[in-house]
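Asks: Let's see this in three dimensions:
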Amino acid sequence: MTSRRALQARGHEVVLQPDWVEGYVVGIQVDTARGVLFAGADPRGEQATLLPAYAIGW
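Replies: Numbers count the residues shown, from 1 in each chain. Sure thing, here's the model as predicted:
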């Protein structure tokens with residue numbers, strides 16, 4: 001089973017986009033049992049000095 005199908009089987013909506021259409025990669029995981037957010041961002045990219053990628057949560 002592919003990762004996409006596994007996520008869909010768990011009820012996630014998966015939207016496919018062309019490679020790097022959004023510019024940067026950002027990931028967030030929510031642990032509702034502990035009330036914790038985990039996040040990460042890819043700081044690489046052609047415009048990283050102008051538009052750095054951050055992962056923040058509140």
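Asks: which residues are in contact with stretch 2-13?
Replies: 1, 14, 16 (C-beta atoms under 8 Å, 6 or more residues apart in numbering). The C-beta positions use only the backbone N, C-alpha and C, and glycine is treated the same way.
Asks: mind putting those in JSON lines, distance to residue 40 and secondary structure included?
Replies: Converted to JSON lines, the contacts of stretch 2-13 look like this (distance: C-beta to C-beta, whole Å; DSSP: H, G, I helix; E, B strand; the rest coil):
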{"residue": "1", "distance to residue 40": "25", "secondary structure": "coil"}
{"residue": "14", "distance to residue 40": "19", "secondary structure": "coil"}
{"residue": "16", "distance to residue 40": "21", "secondary structure": "coil"}
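Asks: Distance to residue 37 added to those, as a markdown table?
Replies: Formatted as a markdown table, these follow (distance: C-beta to C-beta, whole Å):
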| residue | distance to residue 37 |
| --- | --- |
| 1 | 27 |
| 14 | 21 |
| 16 | 25 |
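Asks: What is the nearest of those residues to residue 35?
Replies: For these, the closest approach to residue 35 (C-beta to C-beta) belongs to residue 14, at 26.2 Å.
Asks: Just give the number of residues close to that closest one.
Replies: 11 (other C-beta atoms under 10 Å).
Asks: ok, now residue 41?
Replies: Residue 41: 15 surrounding residues under other C-beta under 10 Å.
Asks: remind me which residues of this structure are low pLDDT?
Replies: Counting by pLDDT under 70, the chain has low-confidence residues at 19-25, 43-58.
Asks: let's go with 90 and repeat that
Replies: Flagging of the chain using pLDDT under 90 yields the residue ranges 1-2, 15-30, 37-58.
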